[in-house]
Every structure is written in structure tokens, then in C-alpha cells.
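**Q** sequence below, structure please.
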Amino acid sequence: MKLEQYLDVIISFLKDYLNDSHMDGYVLGLSGGVDSSLVAALSKKAIGKEKLTCIMMPIDSHPDDLKDAKELAKALDLNYVVLDASEAFHNIKDMFIKAGIELDTASLSNLKVRLRMSMLYAYGQKHRYLVLGTDNMDERYTGYFTKYGDGAADILPIVYLTKGEVVKASKLLGVPTRLAERVPSAGLFEGQTDEKEMGVKYSDLDNFLLGNKVDPKVEERILHLHKISEHKRKAIPTPPEFKR
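**A** The predicted structure is shown next:
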């Protein structure tokens, strides 16, 4: 199946899933990155502008992130809301400090992501909207997502697309080239990029997932990331059932 054909499959899936759920629409966190851009484009095609709300949630973010998200919303004619959670984040951070607990960089970064997902679910509950996830195939395999943060969603439309396919699909659906090819980053701290954090390039990840040969050291790193993140992809563990 060609990429263009599979995009039609996703669009039909998004439309049918919403209809079957008896909910009223979708809500999406829009970052200006390529993954959320593609999900926005696909969802709008599936259900129309009026049933999709995009929320931009800067938390001490670089100004360019919000600028890019607004550029994308304009290019695709999306309904959006800006909710700056910086103050809420710092209030929680200070609460920990007052309790004698200083969170490290990873904990603070994941706190930001979980705050954003909480905001999406609050909006979704208010409006009877389902929360759209943006994890792609690379992120899902390596566990490059925050558990109960961006990994928490009601539906994962692009989970079977590699990063390279996400970029190509975005361009096909009208995402500006500059945004489609933007260096992947969650913008959680200064200088942060996906590839630096993972220790592997998306191009190598794509090749590995597509069954192509990669450097043995790269393959070892990818398999390691997959192994240590297995808990993120499984359902919540429970003990054996209580037989009464």
C-alpha cells in the first residue's frame, strides 16, 4: 500500500472511531512539531474544523514553538486555544522545594508533559472530546514518550508511520515544509532534541523498523531502548485474580 492510500485509511479510521464512540469531537495538543501537525491535518480531513480543537500549551517554552504552532494553525485553518501553564508548573515545582524535594531535569520535563495531558483531558471531558495522541512508530518502539504524558491518549492515529513517513505525509497534507522538516524537539529544556536524548538518529530508527541493516552499535542502542521501555507499552500490572 502506498503512503497516500494509508493516509486515507487513517482518515476513515478517525472518522469512524469518533462516530462509534458517540463523543462530539477530538482535542489535540499542538506543538508546532511534525507529529502533531500531521495528526491535526488528518483529523481535520476526517471530521472537519468544527469538531477539532487544538490546544497550544507553552510551559517556559521557546517563543518559536508557539510561533510555529500558530503558523501551522493558520496554514491548515485550525481552531485553537492557547493555555500557558508556566505559572502552574512553577507553583508545583515550588511546592516540592518547600517540602524539601528538588526535582531533577528529567522529573521536571516529564511534569511539564503530564501537565499538558491533564489539560487536554480536562478540556476533553468538558466538551465530550477524545484526546488525540501523536506518537509515531519510532517513538512507540523506543519508548520515547512520557508515561501518562504524551503516551496517554484515547487514540493513536500515526503509530504505524515511521518518522520519515510522518514528514512525507505532512507535506502531502499541506504542512509547510519548514515545519515538516523542523529539528524534532519536545522543547522541554534548552538545547533539547529527540535524537540527542535517544542517542540514535531517526533515519537509523526508520531503517531498523523497516527491516534494513544498520550499524551493529546502533541496533544495540535501539534494542536497549525498546527493552527498558517495555513497561510503557503494557497494561497496568495486576496480581492474579481473586477467586471467590
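
**Q** is it true that residue 30 touches residue 54?
**A** Yes: Residue 30 lies in contact with residue 54 (Cβ atoms under 8 Å); the separation is 4.0 Å. Every C-beta, even on glycine, is put in place using the N, C-alpha and C of the backbone.

**Q** shared neighbours, these two?
**A** Shared contacts of residue 30 and residue 54 (Cβ atoms under 8 Å, 6 or more residues apart in numbering): 36, 40, 69, 73, 78, 80.

**Q** what about those, which are in helices?
**A** Counting by DSSP state H, these place 36, 40, 69, 73 in helices.

**Q** give the other helices and strands that the helix or strand bottoming out on mean pLDDT in the chain contacts.
**A** Here the helix or strand of the chain ranked lowest by mean pLDDT, DSSP states H and E is helix 194-198, holding a mean of 87. Here helix 194-198 touches helix 202-209, going by 3 or more Cβ pairs under 8 Å, 6 or more residues apart in numbering; DSSP states H and E.

**Q** which SSE is immediately downstream of the helix it packs on?
**A** Downstream of helix 202-209, the first helix or strand assigned by DSSP states H and E is helix 216-228.

**Q** averaged pLDDT, that next one. What do you get?
**A** Per-residue pLDDT values across helix 216-228 average out to 96.

**Q** repeat for stretch 53-66
**A** According to the model, stretch 53-66 has a mean pLDDT of 92.

**Q** who's in contact with that stretch?
**A** Counting by Cβ under 8 Å, 6+ apart, residues outside stretch 53-66 touching it are 25-32, 36, 40, 69-70, 73, 78-86, 89, 112, 115-116, 119-120, 123, 127, 129, 187.
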